[in-house]
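Student: generate a structure from the sequence data that follows.
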Amino acid sequence: MAIPILTHTRPCPPGKAPTPERPVTLIARDLQADEFLSPHQHSWGQVTFALEGVLRVTALNSSWIVPPLRAIWIAPHVVHEVTVLEKARLRPLCVLAERAPFAGTDCKVLEVSSLLRELIVALGQLDPGEAPAREAMLAALILDELGRSATRPIRVPLPEDKRLKALCGGLLDNPGSNLTLEDWARQVGASERTLARLFERELGLSFGQWRQQVRLAHAAPMIARGMPLAQVAEELGYASQSAFSAMFKKTFGSSPSAFFADGHGGRGATPAC
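Tutor: Down below sits the predicted model:
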């Protein structure tokens, strides 16, 4: 029997919950690496975004790596959790449910434009009670820009089976691991054949395909902060830089250097997991 995950509604600091008069608010938090925000939900929608640092957001049986210049839209009442992978300047936007820029409950990977980033910074710099008219204009512009944001239909599913959860959790924490499916089978208490069947049935991917997507997801923030490709390849378990570059190009249609050439992760999708 599956053990239920206890969730809660995370309270908002006084005056920070969105209202009809203030449909967009921001909560600034600086978090250290390895901090964890346990599963919770809000009555409002949230744009999870960090000016600096890397996050892992998990919701709806999926997980995403979120580097700067990407964000995750989380609809109202969707249970989610956040793991800080690198020290982060977290700047989530709280959006009144009635003003949600996207319909439905699906999470969306957003490309954060330069304008949206500066609007978020400006909103965070307002003093409490300062210039309500300016706050209202910033909120209106943010909502408009959110609705225009490019969305990326990238999703790596997470499993329900506890044995597969243990395996996938291990790879999310250590994507460079070169343990084979046989090795993992011994660790999680299932046969290799059972795990292979579970990957196909629950995730629609083979073990190798799923691991590849996790590795590419972790590669994005490494490359974005200037880590040499040879080091990225080594840390993620690739045999060589050329092997990593070939897999990256096969997945995203361009080499890693071209993908990040403009400093914004290209116009293509940042890998997410």
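
Student: what distance separates stretch 115-132 from the centre of its chain?
Tutor: On the basis of CA atoms, centre = their mean, to the nearest Å, stretch 115-132 sits 23 Å off its chain's mean C-alpha point.

Student: what about it, average pLDDT?
Tutor: The average of the pLDDT scores along stretch 115-132 is 89.

Student: roughly how far does residue 32 sit from residue 53?
Tutor: 10 Å (CB to CB, to the nearest Å). C-betas here are computed from N, CA, C, even on glycine.

Student: between the two, which one's more packed in?
Tutor: Using other CB atoms under 10 Å, the more surrounded residue of residue 32 and residue 53 is residue 53, with 21 against 10.

Student: rewinding a little: shared neighbours, residue 32 and residue 53?
Tutor: Counting by CB atoms under 8 Å, 6 or more residues apart in numbering, the contacts common to residue 32 and residue 53 are 84, 87.

Student: low-confidence ranges in the stretch 151-273 of the chain?
Tutor: The stretch 151-273 of the chain contains residues with pLDDT under 70 at 152-155, 224, 252-253, 259-273.

Student: what do you get if the cut-off is 50, keeping everything else the same?
Tutor: 262-273 (pLDDT under 50).

Student: same deal with the stretch 1-150 of the chain?
Tutor: By pLDDT under 50, the weakly predicted segments of the stretch 1-150 of the chain are 1-6.

Student: show me where it has helices.
Tutor: Using DSSP state H, counting those that start in this stretch, the helices of the stretch 1-150 of the chain run over residues 114-124, 132-148.

Student: which of the ones you listed sits closest to residue 68?
Tutor: helix 114-124 (8.4 Å; CB to CB).

Student: what does that closest one rub up against?
Tutor: 24, 26, 28, 49, 51, 69, 91, 93, 135, 138-139, 141-142, 145-146, 149.

Student: can we see that at 6 Å?
Tutor: With CB atoms under 6 Å, 6 or more residues apart in numbering as the test, helix 114-124 has contacts from 26, 28, 91, 138, 141-142, 145.
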